[in-house]
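Asks: prediction below, plus the sequence it came from.
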Amino acid sequence: MAKSIFINHVDSYVGRALGKIFSTTNLKRSDADGETPEDARPTHTNSFVIRGTVRDAATFVQPPWLSEVVTYKAKEDLQSTLMASDIVIYDIFSREDQIDEATWAVSMMQAECQGLQTKKVFICLSSLLTWGRTPPTDPEDPDIPLTEDEYRRRRPHATYKNHINVEKVVVKCGKDAGMFKTFVIASGLQYGMGENGLHSLFKMAWHLKPAELPLFGNGENIVPAIHVRDLAQIVRFVSEACPETAYIVAVDDAQSTLHEITTAISETLGTQKVKQVSQEEALLIPDLTQRDYDELTNNLRFEAGSIKDYPLEWTAQGGLVENIAAIVQEFKTVRKLQALKVAVYGPPGSGKTTLARKICARYKLHHLHTKDVIAKAVKRLEDSVALLEQPSDSVSPEDLQQAQADREELTEAHGTMENGRYSNAFVVKWYRDALQHMSCRNQGFVLDGFPKTTEQAKELFKSDEGDEADAVMKEILPEFVFDLEGSDDFLRERMMNLPEEQVEGTHNNEEEFNRRLSQYHNVNSEDNTVLNFFDVLEIHPKQIDVTVGLGDVAWAAVKSTVGEPRSYGPSKEEREAQEQEDLREKTLIAERNERVLREQQNQMQAISEKRQADWSAKLSEVKKQEREVMEQASVPLRNFLMKHIMPTLTQGLTEVCKVRPEDPIDYLAEYLFKNNPQIS
């Protein structure tokens, strides 16, 4: 029958580790004599129904191993859930507000479990900071490690007195309590699974900022520690085996100093440099809490006790320093920090540098442009060579040796220059150095138009291992390749329409542009292009037509292909800046769309007006022609009227005026009839 387990704050760092271990690993219990068989190994069956509370319900996504999220307003609301659970686990170190709740929970369960025939287990997870001021076992030999058997003489760190009080209550409640078993598991600094107390150091090292990883104090203090997955395994075993030891110290076998830990992180993930900082400077680090600082500066030499006999599948029994490579990889995996590697190609004027910069800004990548790569490489060599001018006793032998090698490289590089350009061999070497730099290995990069040829690509990406000529170093190969395409006429027109300030002092003038365009075509024929190098490696370039929408189309294609960033999310300041940039971009797009619409409307109106004017002109011409025709046709009639009609009519009108008859019309008609020339 599946056991019921309650974990407070299942969404915490420790809570997630516990949930995963309890849901996937079934440790074999000890035999009837209380001894663990030598061949005891974990099996993989889910024998627990896991319930728990959460710290942040608004953002919590329930994992599949969690059966129920327990909600409550007051701690008393938890009584029925706790009493229905076979195992109750409280972590009092992650959140201090759990101290009072844990004290109430263990006291309540002790009272309610009197006379029960079913075993219930209460485990309190605490910290070795409750040993923070414990004197050495032998004052004359402080190197003798402490053991969990000495827990009665432990003295807490000044700010962790409440924690030790809870530990005492938990141990006391389990004495002579029948089927109610209580345990305190005090762990060292927890590491692994994305990091918690060490997260600030890992994050700074990954960003390579600051250049020298902070070392708190002199770093000579010994930091007891344990991988959080190993801690979860210990909790799992104790909950099932219920060993006789009620107070258990959870540490790995390492007794590493803070200097060793910080150096290991910096060498594996950062710049390989550390720098001592004061407490005041340390507490100004944004992601470092007071609790983290207390754990990292704690100085306790501990020896693992009863856990040595537990049948654990250790993740890092040898400690963080010994397993730093695996722990760094675990940190990247859990935090989803995957280096993003991109290459952007295209003819001059296609906008590849603009696109590369935009990619770097959004995805926090490093822009590798030939001019910058060369400048940084030469600057580094010159700075290194400058050490040879300093007093020899002020420079380490390693730095002197490196400076001499750099001087030879710099001299050789200058000697191979032609027309102010470094030889292809040195440019490729400096690009290769940049790609293997920790910054590009951590965050990633955007190659801006380099390598230009297949030969350069083979030399740049060739593997240092193996005998195969075509072997490549996959760690520095681009994951995405974008090729911007546009006709020569379009690119030439675009460059010629650039504002004067963008052309002056650059190689964007007409003559230089034509030279660069010709050079580009010379090394990029249909059958011989660097894009074929990537195609063979199944890194298929994505072609983007820049003649349609130019930057907008290219940027949309990049975002849809690459997806979301793979690094730390933006800071508050970066989010605000990004929001302003997005608003500005939306405004520009809206203004541009409005301008285009207005231009289209004006164009349509102009066309309509022109058509109307053309129609009016044609209509006037038709009317004019009609008048001319009618006038031409009316000439005979006018002549006839003037000859035969008008004289008689005039005489008739004159007679009317003289006679003034009563009916002038009838009189005129009679007159015309009588005097009709044709009748007479």
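Replies: Yep, it's here.
Asks: distance of residue 632 relative to residue 638?
Replies: Residue 632 is 11 Å from residue 638, where distance means CB to CB, to the nearest Å. Where C-beta positions appear, they are placed from N, C-alpha and C, glycine not excepted.
Asks: give the next helix or strand downstream of the helix ranked longest in the chain.
Replies: When secondary structure is assigned using DSSP state H, the longest helix within the chain turns out to be helix 572-640. Elements were assigned by DSSP states H and E; along the chain past helix 572-640, the next helix or strand is helix 646-659.
Asks: now do the helix or strand just after that following helix: distance to the chain's middle.
Replies: Going down the chain from helix 646-659, the next helix or strand is helix 664-674, by DSSP H and E. Per CA atoms, centre = their mean, to the nearest Å, the displacement of helix 664-674 from the mean C-alpha position of its chain is 109 Å.
Asks: residue 122 and residue 184 touch, don't they?
Replies: No: with contacts counted by CB atoms under 8 Å, residue 122 stays clear of residue 184, the gap being 9.7 Å.
Asks: overlap in contacts, the two.
Replies: When contacts are counted by CB atoms under 8 Å, 6 or more residues apart in numbering, residue 122 and residue 184 are jointly contacted by residue 170.
Asks: can you tell me which helix or strand of the chain has the lowest average pLDDT?
Replies: Of all the helices and strands that make up the chain, the one with the lowest confidence by mean pLDDT, DSSP states H and E is helix 500-503; it has a mean of 63.
Asks: A helix includes residue 676, no?
Replies: No: read with DSSP: H, G, I helix; E, B strand; the rest coil, residue 676 is coil and lies in no helix.
Asks: burial count for residue 313?
Replies: Neighbourhood size, residue 313 [other CB atoms under 10 Å]: 12.
Asks: got a list of what residue 78 touches?
Replies: With contacts defined as CB under 8 Å, 6+ apart, residue 78 is in contact with 53, 70, 72, 101, 105.
Asks: pretty sure the fourth one is in a strand, no?
Replies: If I follow you right, that is residue 101. No: counting by three-state DSSP, residue 101 is located in no strand; its state is helix.
Asks: excluding chain neighbours, what is closest to it?
Replies: What sits nearest to residue 101 in space, not counting adjacent residues and going by CB to CB, 6 or more residues apart in numbering, is residue 75, at 4.9 Å.
Asks: what about the one you found? Give its phi and psi, please.
Replies: According to degrees, to the nearest 10, the main-chain angles of residue 75 amount to phi -60, psi -30.
Asks: how much space separates it from residue 90?
Replies: Distance, residue 75 to residue 90, by CB to CB: 11 Å.
Asks: low-confidence ranges, the stretch 101-250 of the chain, go.
Replies: For the stretch 101-250 of the chain, applying pLDDT under 70 flags no range at all.
Asks: and for the stretch 551-680 of the chain?
Replies: In the stretch 551-680 of the chain, residues with pLDDT under 70: 551, 570-575, 678-680.
Asks: residues contacting residue 131?
Replies: The neighbours of residue 131, taking CB under 8 Å, 6+ apart as the test, are 146, 154, 155, 156, 186, 300.
Asks: neighbours around the residue nearest to residue 101, how many?
Replies: Other residues near residue 75 come to 16 when the count uses other CB under 10 Å.
Asks: residues contacting it?
Replies: 100, 101, 104, 105.
Asks: repeat the analysis, applying 10 Å as the threshold.
Replies: The neighbours of residue 75, taking CB atoms under 10 Å, 6 or more residues apart in numbering as the test, are 82, 98, 100, 101, 102, 103, 104, 105, 108.
Asks: which of these has the most neighbours?
Replies: Each of those was scored for neighbours by other CB under 10 Å, and residue 102 scores highest at 25 neighbours.
Asks: what about that residue, distance to residue 289?
Replies: In terms of CB to CB, residue 102 sits 20 Å off from residue 289.
Asks: just residue 615 next, same as before
Replies: 80 Å.
Asks: ok, residue 282 next?
Replies: Distance check for residue 282 against residue 289: by CB to CB, it reads 11 Å.
Asks: shared neighbours, these two?
Replies: Common neighbours of residue 282 and residue 289, using CB under 10 Å, 6+ apart, are residue 200.
Asks: so these two - more neighbours on which side?
Replies: Per other CB under 10 Å, whichever of residue 282 and residue 289 has more neighbours is residue 282, with 20 against 13.
Asks: how about the more buried one, nearest residue that isn't a chain neighbour?
Replies: residue 216 (4.9 Å).
Asks: what number of residues lie near that neighbour?
Replies: Residue 216 sits with 23 neighbouring residues when counted by other CB under 10 Å.
Asks: bridged to it, which residues?
Replies: Under DSSP bridges, the beta-bridge partners of residue 216 are residue 277.
Asks: hang on, isn't it packed against residue 258?
Replies: Yes: under the criterion of CB atoms under 10 Å, residue 216 is in contact with residue 258, at a separation of 6.5 Å.
Asks: who touches both of the two?
Replies: The contact lists of residue 216 and residue 258 share 201, 296, 297, where a contact means CB under 10 Å, 6+ apart.
Asks: highest neighbour count among those?
Replies: Counting by other CB under 10 Å, top hit in those: residue 201 with 27 neighbours.
Asks: gap between the closest residue to that residue other than its chain neighbours and residue 282?
Replies: Nearest residue to residue 201 in three dimensions, chain neighbours excluded: residue 265, at 5.4 Å (CB to CB, 6+ apart). The span separating residue 265 from residue 282 equals 15 Å under the rule CB to CB.
Asks: my read is that residue 463 contacts residue 471, right?
Replies: Yes: applying CB under 10 Å as the test, residue 463 and residue 471 come out as touching, 3.9 Å apart.
Asks: got the buried residues for stretch 265-277?
Replies: 265, 266, 267, 268, 269, 270, 271, 274, 277 (16 or more other CB atoms under 10 Å).
Asks: okay, and which of those residues map to helices?
Replies: With DSSP H as the criterion, helices contain 265, 266, 267, 268, 269 from among the buried residues of stretch 265-277.
Asks: skipping adjacent residues, who's closest to residue 589 in space?
Replies: Take residue 589 and drop its neighbours on the chain: the residue closest to it by CB to CB, 6+ apart is residue 552, 7.9 Å away.
Asks: kindly apply the preceding question to residue 384 instead.
Replies: Closest residue in space to residue 384, ignoring its immediate chain neighbours: residue 406 at 4.1 Å, by CB to CB, 6+ apart.
Asks: got the confidence number for that neighbour?
Replies: The predicted structure scores residue 406 at 93 on the pLDDT scale.
Asks: what helix or strand is it located in?
Replies: With DSSP H and E as criterion, residue 406 is part of helix 397-415.
Asks: with residue 513 instead?
Replies: Using DSSP H and E, residue 513 falls within helix 510-522.
Asks: output the contacting helices and strands for that helix.
Replies: Taking 3 or more CB pairs under 10 Å, 6 or more residues apart in numbering; DSSP states H and E as contact, the helices and strands that helix 510-522 lies on are helix 488-496, helix 500-503.
Asks: same question for that helix, mean pLDDT?
Replies: Predicted confidence along helix 510-522 averages 84 (mean pLDDT).
Asks: what do you get for stretch 336-348?
Replies: Averaging pLDDT along stretch 336-348 gives 94.
Asks: which stretches of the stretch 151-300 of the chain form helices?
Replies: Taking DSSP state H, counting those that start in this stretch as the test, the helices found in the stretch 151-300 of the chain are 161-173, 199-207, 228-241, 258-269, 279-282, 290-297.
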